[in-house]
Every structure is written in structure tokens, then in C-alpha cells.
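Engineer: quick one: sequence and predicted model below, then my questions.
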Amino acid sequence: MNTTTPCATQARYLDTRIAATGCLSGRRLRRAIDYVHAHLQENVRLEDIAAAAGLSAFHFSRAFKSTIGLTPHGYLMFVRVERAKALLSRCDRTMTEIAAEAGFSDQSHMSKVFRRLTGCTPTEFRNRSGALARLSLASARAGPRPGDAGIVGKDRRQPPSPAALDKILAPANT
């Protein structure tokens with residue numbers, strides 16, 4: 001007597017297909033990314049993201065990296081740093097509050113990851129973005145001055161651009 005349910009058979013088939021192609025489908029990728037963004041301030045575990053995508057942690061991790069170019073943890077850190085950047089440039093909260101809101105365990109962890117991904121510390125980023133905002137308000141008509149190239153990070157690992165993600169996540173019309 002076969003006790004395998006159709007859903008279990010389909011899941012095994014999809015896992016086999018993912019293993020063969022090495023990429024996540026747009027729907028599974030969207031569910032994983034949505035889960036990361038929805039739980040950014042929490043302790044996000046690989047198993048939880050994989051469950052949201054409907055895969056085992058092992059298969060999900062390999063397929064995610066093949067699709068995005070970053071590990072799930074690398075993507076999570078990237079999203080948290082982007083959130084911290086937005087908070088640093090828009091508000092006068094303390095670094096501890098920003099670290100907590102961005103989902104980092106503490107300020108030290110945020111600083112370490114932030115520096116690794118952007119090439120500058122959160123304080124340097126805040127000072128530069130504040131100076132650029134004041135500069136743009138004061139000299140909006142004067143045009144760019146030499147040396148005002150803006151904030152340029154030294155990102156070693158970046159996920160695809162939003163346009164590339166949209167292409168990946170777009171439903172197939174075939």
C-alpha cells in the first residue's frame with residue numbers, strides 16, 4: 001500500500017527539479033523574500049525562510065544562492081544594512097535604536113556588518129548623508145562641485161538590482 005500523498009510526491013518532484021536546475025521559482029523566491037522583509041526585526045532562521053518557500057533548509061539554501069547570488073544569511077544582512085541606511089539618513093535616533101529596528105542583535109553587530117558591506121561605519125554614513133543633505137539644500141542651483149561624488153560603498157556582495165529581481169519574480173507568460 002502506497003502511503004505517499006500527492007502533495008509529498010509533488011514536493012519531491014519540485015526538490016528534484018530545483019536540484020537539477022539549481023534555481024528557485026519566482027513564487028518560492030517571492031515567498032522567501034517576503035518572509036525576510038516581514039520578519040526583519042526578529043531572529044530569522046534559515047529553517048523558517050525555507051519553510052516559507054516550501055523547501056528543506058538544504059535545498060533552499062543552495063537554490064537561493066544559485067538564484068540570487070547571495071546566501072540567505074547574506075541577503076538578510078544586506079536587507080538589514082539597507083534598512084539601517086534609510087534610518088541613518090532620515091532620523092536622529094541613537095545607533096542602538098537603529099540597530100534594533102533594523103534587526104541586528106546589537107550596535108556592535110550592526111557596525112561590523114555595515115562596515116563590511118558598505119566600506120564605512122554607520123556614523124561615517126550618517127555624517128556623509130547629513131552633509132550631503134545640507135549641501136544639496138544650500139547649493140541646489142550651484143550644480144555639482146568637484147569631489148561631491150556622493151556616498152559610494154565598497155559592496156563586495158550585492159544582490160541583483162530591483163529590476164533584475166522583478167524579472168526573476170515575474171510570472172511566466174508562456
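Structural biologist: In hand now; what should we look at?
Engineer: quick check: buried residues in the longest helix seen in the chain?
Structural biologist: For the chain, the helix with the greatest residue count under DSSP state H is helix 72-90. Going by neighbour count (16 or more other C-beta atoms under 10 Å), the buried part of helix 72-90 is 72, 74-81, 83-85, 87-88. C-betas here are computed from N, CA, C, even on glycine.
Engineer: quick check: the two most widely separated of those residues?
Structural biologist: 72 and 88 (24.5 Å; C-beta to C-beta).
Engineer: and for stretch 94-113, what are the contacting residues?
Structural biologist: Contact partners of stretch 94-113, identified using C-beta atoms under 8 Å, 6 or more residues apart in numbering, comprise 40-42, 44, 76-77, 80-81, 83-84, 87-88, 91, 93, 121-123.
Engineer: that stretch: which residues count as buried?
Structural biologist: For stretch 94-113, the neighbour count (16+ other C-beta under 10 Å) marks 95, 98-104, 107, 110-111, 113 as buried.
Engineer: then stretch 114-124?
Structural biologist: Quick answer for stretch 114-124 (16+ other C-beta under 10 Å): 114-115, 117-118, 120, 122.
Engineer: report all helices and strands that the longest helix of the chain contacts.
Structural biologist: Contacts defined by 3 or more C-beta pairs under 8 Å, 6 or more residues apart in numbering; DSSP states H and E place helix 72-90 against helix 26-38, helix 46-53, helix 57-68, helix 95-102, helix 107-118, helix 122-138.
Engineer: can you give me the mean pLDDT across that helix?
Structural biologist: For helix 72-90, the mean pLDDT works out to 94.
Engineer: rewinding a little: looking at the buried residues of helix 72-90, which is nearest residue 26?
Structural biologist: Within the buried residues of helix 72-90, the smallest distance to residue 26 is 15.8 Å, found for residue 75 (C-beta to C-beta).
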